[in-house]
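Colleague: Coordinates only, no sequence provided:
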């Protein structure tokens with residue numbers, strides 16, 4: 001997921017290399033296109049992170065992957081520099097949406113992975129997950145080099161739909177975080193989730209005898225000073 005997500009995230013840099021001269025983009029127009037995803041990432045991380053605490057990591061993972069994939073694919077329809085709306089403004093807007101989804105996905109995928117892991121392996125697994133972020137950048141560069149001459153730079157954005165395959169995989173295969181389920185008081189579902197991860201019968205899972213009470217995340221708690 002991170003590999004494909006950051007492929008979408010970094011792809012715009014290689015597309016700009018193909019259109020800057022053709023469209024005669026100014027420095028500031030190119031900068032706005034590149035910066036817009038970073039601007040969207042700030043509220044995206046806060047919003048999707050908060051939603052993940054409310055409705056679960058799995059649902060938000062699916063939502064953010066769809067967010068990134070669809071926003072990237074929409075850039076296939078980018079008009080030219082003299083179209084019904086300026087092409088660079090079209091790109092900047094949808095890059096803003098990509099940033100919102102991208103930050104949300106990275107904010108929720110690490111907790112989703114970590115909450116299946118024993119504590120002594122969380123650092124290693126997090127490092128393995130994070131390593132695939134620059135791999136997405138590399139994949140974007142290879143696509144710009146080898147694929148763009150065949151399908152054009154707009155066609156590159158259609159590759160951004162690939163994460164939807166991951167959405168289907170997660171939807172039908174990966175359960176909710178057991179830690180989040182326990183936190184919400186959904187203990188039997190947590191038992192089944194752990195059994196899926198360990199590939200054993202749910203009846204073999206022994207949950208803690210003392211479990212935390214179900215919690216609710218409130219906005220004021222996020223910004224409460226110690």
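Modeller: Happy to help now that I have it. Computed from a predicted model, the values in this text were never measured in an experiment. Numbering: from 1, shown residues only.

Colleague: Once you drop chain neighbours, what's closest to residue 135?
Modeller: residue 3 (5.2 Å; C-beta to C-beta, 6 or more residues apart in numbering). Where you see a C-beta, it was placed from the backbone N, CA and C, and this is true even at glycine.

Colleague: residue contacts, that neighbour?
Modeller: The neighbours of residue 3, taking C-beta atoms under 8 Å, 6 or more residues apart in numbering as the test, are 132, 133, 135, 136, 139.

Colleague: same thing with residue 81?
Modeller: For residue 81, the contact set (C-beta under 8 Å, 6+ apart) comprises 23, 24, 87, 88.

Colleague: The second one and residue 85, how far apart?
Modeller: Put plainly, it is residue 24. 17 Å (C-beta to C-beta, to the nearest Å).

Colleague: now swap in residue 77 and tell me
Modeller: The value you get for residue 77 to residue 85, if C-beta to C-beta is used, is 11 Å.

Colleague: For the protein, give me the ranges with low pLDDT.
Modeller: 83-84, 209-226 (pLDDT under 70).

Colleague: got the residue ranges for the helices in this protein?
Modeller: 2-23, 27-55, 57-74, 87-114, 122-142, 148-159, 163-172, 178-183, 187-198, 219-222 (DSSP state H).

Colleague: The first one versus helix 122-142: what angle between them?
Modeller: If you take axes from the mean of the first three to the mean of the last three C-alpha atoms, to 10 degrees, helix 2-23 sits at 30 degrees to helix 122-142.

Colleague: how far away is the residue nearest in space to the middle of the chain from residue 70?
Modeller: Per C-alpha atoms, centre = their mean, the C-alpha nearest to the average position across the chain is that of residue 105, at 2.7 Å. Using C-beta to C-beta, residue 105 is found at 13 Å from residue 70.

Colleague: go on, residue 201?
Modeller: Distance from residue 201 to residue 70, by C-beta to C-beta: 39 Å.

Colleague: Which one's more surrounded, the two?
Modeller: Each of residue 201 and residue 70 has its neighbours counted (other C-beta atoms under 10 Å); residue 70 has more, 17 against 8.

Colleague: Report the separation between the closest residue to residue 16 other than its chain neighbours and residue 17.
Modeller: Of all residues beyond its chain neighbours, the one nearest residue 16 is residue 30 (5.7 Å), with distances taken as C-beta to C-beta, 6+ apart. Applying C-beta to C-beta, the value for residue 30 to residue 17 is 10 Å.

Colleague: Which one of those two is surrounded by more residues?
Modeller: Set residue 30 next to residue 17 and count neighbours by other C-beta under 10 Å: residue 30 wins out with 20 against 14.

Colleague: Tally up the residues packed near residue 112, please.
Modeller: There are 23 residues near residue 112, going by other C-beta under 10 Å.

Colleague: isn't it right next to residue 61, touching?
Modeller: Yes. Using C-beta atoms under 8 Å, residue 112 makes contact with residue 61 at a distance of 6.0 Å.

Colleague: just the buried members of the contacts of residue 3?
Modeller: Buried by 16 or more other C-beta atoms under 10 Å: 132, 133, 136, 139, out of the contacts of residue 3.

Colleague: just checking, residue 91 touches residue 78?
Modeller: Yes. With contact defined as C-beta under 8 Å, residue 91 reaches residue 78; the gap is 5.8 Å.

Colleague: With neighbour numbers in mind, choose between the two.
Modeller: Between residue 91 and residue 78, counting by other C-beta under 10 Å, residue 91 is the more crowded of the two (25 against 20).

Colleague: If we ignore the residues flanking it in sequence, what's nearest that one?
Modeller: Excluding its sequence neighbours, the residue lying closest to residue 91 (C-beta to C-beta, 6+ apart) is residue 33, at 5.0 Å.
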